[in-house]
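In: I'd like to go over a predicted model; first the sequence, then the structure.
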Amino acid sequence: MHGPAGGRKRDCLSANTYTPVNPDVYFHMDIISWTELVAASELMIRLVMLPVIVLRQEKPATCLAWLAIVFFEPWIGLGLYLLIGENKLGRRRLQKRQRRKLQMRASGPASAEPSRGVDPAPADDFAVLTQLAEHAGGLPVAAGNDISLMAMTEEVIDCLVAEIEAAKHHVHLLFYIFQDDEVGRRVADSLVRAAERGVACRVLADAVGSRKLFKRLAPHLRRNGVQVHSALPAHLWRIPFARLDLRNHRKLAIIDGRVALTGSQNIVEPSYGHKRAGVWHDVMARVTGPVVRQLQGIFLEDWFYESGELLDDPALFPDSPAGGPIAVQVIPTGPDQQTELFQDLIVRAIFLARRRVVITSPYFIPNEAMLLALRLAALRGVRVDLAIPQQSDHRLVNAAGAYYCEYLMRYGARVFLFLDGMLHAKTLVIDDELAMFGSANYDIRSFTLNFELNLFVHAEEAVGQVHDLQQHYLARSRLATAADWNTHTLIGRLKVNLAKLFSPLL
């Protein structure tokens, strides 16, 4: 039997009564679900990236550095690895490089490689270096050249503009930074005047380092007959195919195939960059002689990679009389080659030192082999001097470099802090018998990632010029002490040692 009607009514009412749910419960459930989703995605990234990094990174230190980043911050690590994790140029670019090398070898009179100008005697301690340099991508030693070093920005720009104004056939410029500032516009105006005279003017500038050039100054140059191309364009859609931070760091000017300017200076005002770093100090060389043909070939290769235009006019390679006293070896390096060989070259040079090694560089992050070579040189009584800027324009790189400077100081090396601005000259002198200068910093990035251009010189006159320049920098520096690295406190030691962990990636 059914109960009273009133009872049935109460049951129906209670069955259909709406009971509000606390919104905090749903919010709490959302938090749990999102937390589980994030945790699951991070775990998945770790599991997937572990074999990817282990299989694709050859160097254990680099491998461990990437694993640490990915395991501590999976999403950030994944994004960074996609951007800069692998040394990728892209299949199309590599194919163009291979085609260009084959075409240059078959181009006859337009070949960029002159006949070998000098063969070091087999007993020469440095003979092995010239052979190793060729294996590292360098060209044969060419004798009969003249070199004049310039260490003032104004002097370099004055020289470049004067050469452009005197050009009769062509002007080729390849620079990491071509800035749209007073200096850049001055060079641009000289290019426009040369183009108006019928001179073929070609400018190749790095897409990232010279990004301001391509906004306003490049269109102006193109409208006035100057060809302008960007090197290694950096677009997000290229991430799956090419690493975006592979840069063309070379500095090179060729005028009429008879004069070259190369070194570390960009086309930019000397106060460029962070104000705390101060005025930049660089070194450029004005070079004449047979080696200019080799430098011309390097420009034409890079031009072909970016423009697709194969320039094989014999007039680009005029005869260069070998009347100078200096033998020069050109060493172009880049991620399309076995970059370890260039590092091996520097290490071998340091091992040959008997009296003194002097290095100047804006950044100092050596690999393990170079660090070992410098340490052993100091231990066997070789004077090892390193000059770096007191204030760098990269805080993380500066902090990582502090670790290596302090380490070498413990074994007797001397570190000098340049007080008069941003020391940007990259030089190496061994026993006043061998010198190297160019665009490559003494850091892992220049060794493995950037396209660089360096010159080895053996002649006493040229080595003396580099030596004198180094002494000029040392005279404007102070000797560093352990207190300069701020490692006497726990925070300071933690900062330096944390930055050190990123060394393989810098």
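Out: That came through fine.
In: what sits against residue 128?
Out: Residues near residue 128 by C-beta atoms under 8 Å, 6 or more residues apart in numbering: residue 348. Backbone N, C-alpha and C define where each C-beta goes, glycine included.
In: err, residue 372, not the other one
Out: Counting by C-beta under 8 Å, 6+ apart, residue 372 touches residue 347.
In: Can you say which helix or strand has it in it?
Out: helix 368-379 (DSSP states H and E).
In: quick one, phi/psi of the residue lying closest to residue 224 once chain neighbours are set aside?
Out: Using C-beta to C-beta, 6 or more residues apart in numbering and skipping residues adjacent in sequence, the residue nearest residue 224 is residue 192, 4.4 Å away. Residue 192 adopts backbone torsions of phi -60, psi -40, taken as degrees, to the nearest 10.
In: Find the residue closest to residue 173 in space, skipping its chain neighbours.
Out: residue 203 (4.8 Å).
In: pLDDT averaged over the helix or strand hosting that neighbour - what is it?
Out: Using DSSP H and E, residue 203 falls within strand 200-206. For strand 200-206, the mean per-residue pLDDT is 97.
In: One more: stretch 210-221?
Out: Looking at stretch 210-221 alone, the average pLDDT works out to 94.
In: With only the CA atoms kept, save that stretch in CSV.
Out: Only the C-alpha atoms of stretch 210-221 are listed here, as CSV (Å, rounded to 0.1, in the frame of the first residue of the first chain):
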residue,chain,number,x,y,z
SER,A,210,72.2,43.4,-39.7
ARG,A,211,68.5,43.3,-39.3
LYS,A,212,68.2,47.1,-39.1
LEU,A,213,70.0,47.3,-42.4
PHE,A,214,67.3,45.5,-44.2
LYS,A,215,64.5,47.7,-42.9
ARG,A,216,65.5,51.0,-44.4
LEU,A,217,69.1,51.2,-45.7
ALA,A,218,68.9,48.1,-47.9
PRO,A,219,65.9,49.3,-49.9
HIS,A,220,67.8,52.6,-50.5
LEU,A,221,70.8,50.7,-51.7
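In: Distance from that stretch to the middle of the chain?
Out: Computed by C-alpha atoms, centre = their mean, to the nearest Å, the chain-centroid distance of stretch 210-221 equals 22 Å.
In: contacts for it?
Out: Contact with stretch 210-221 is made by 175-180, 184-185, 188, 191-192, 201, 203, 205, 207, 228, 230, as judged by C-beta under 8 Å, 6+ apart.
In: Could you check how many residues crowd around residue 324?
Out: A count of nearby residues for residue 324, using other C-beta atoms under 10 Å, gives 21.
In: Got phi/psi on it?
Out: Dihedral angles (degrees, to the nearest 10) for residue 324: phi -90, psi 170.
In: Could you measure from it over to residue 379?
Out: 39 Å (C-beta to C-beta, to the nearest Å).
In: can you tell me which of the contacts of stretch 210-221 are in helices?
Out: The helices, defined by DSSP state H, take in 184-185, 188, 191-192 from the contacts of stretch 210-221.
In: now these: which count as buried?
Out: Neighbour-count burial (16 or more other C-beta atoms under 10 Å) applied to these gives 184, 188, 191-192.
In: in a strand, that's where residue 453 is, yeah?
Out: Yes. Per DSSP: H, G, I helix; E, B strand; the rest coil, residue 453 lies within a strand segment.
In: a strand runs through residue 43, doesn't it?
Out: No. Counting by three-state DSSP, residue 43 is not found in a strand; it is helix.
In: Relative to residue 340, which of the buried ones among the ones in helices among the contacts of stretch 210-221 is nearest.
Out: Distance to residue 340, by C-beta to C-beta, is smallest for residue 184 among these, at 35.6 Å.
In: wouldn't that closest one be in contact with residue 178 here?
Out: Yes. Applying C-beta atoms under 8 Å, one finds residue 184 in contact with residue 178, separated by 5.7 Å.
In: Strands along the stretch 401-506 of the chain, start to end?
Out: Taking DSSP state E, counting those that start in this stretch as the criterion, the stretch 401-506 of the chain carries its strands at 414-418, 422-423, 426-430, 434-438, 442-443, 452-457, 477-479.
In: mind checking which of the ones you listed is nearest residue 272?
Out: Closest approach to residue 272 among these (C-beta to C-beta): strand 422-423, 8.7 Å.
In: what packs against that closest one?
Out: On a contact count with 3 or more C-beta pairs under 8 Å, 6 or more residues apart in numbering; DSSP states H and E, strand 422-423 meets strand 280-281, strand 383-389.
In: In JSON lines: the ones you listed, plus distance to residue 437 and mean neighbour count.
Out: Below are those laid out as JSON lines (distance: least, C-beta to C-beta, whole Å; neighbours: other C-beta atoms under 10 Å):
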{"stretch": "strand 280-281", "distance to residue 437": "13", "mean neighbour count": "24"}
{"stretch": "strand 383-389", "distance to residue 437": "13", "mean neighbour count": "22"}
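In: now the ones you listed in CSV, with mean pLDDT and distance to residue 348?
Out: Putting the helices and strands packed on strand 422-423 into CSV (pLDDT from 0 to 100; distance: least, C-beta to C-beta, whole Å) gives the following:
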stretch, mean pLDDT, distance to residue 348
strand 280-281, 94, 28
strand 383-389, 96, 16
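In: In TSV, list the ones you listed along with distance to residue 217.
Out: Shown next, in TSV, are those (distance: least, C-beta to C-beta, whole Å):
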stretch	distance to residue 217
strand 280-281	20
strand 383-389	28
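In: returning to what we had before: distance from whatever helix or strand comes next after the strand holding residue 203 to the middle of the chain?
Out: Later in the chain than strand 200-206, the nearest helix or strand by DSSP H and E is helix 218-223. Using C-alpha atoms, centre = their mean, the mean C-alpha position of helix 218-223 is found 27 Å from that of the whole chain.
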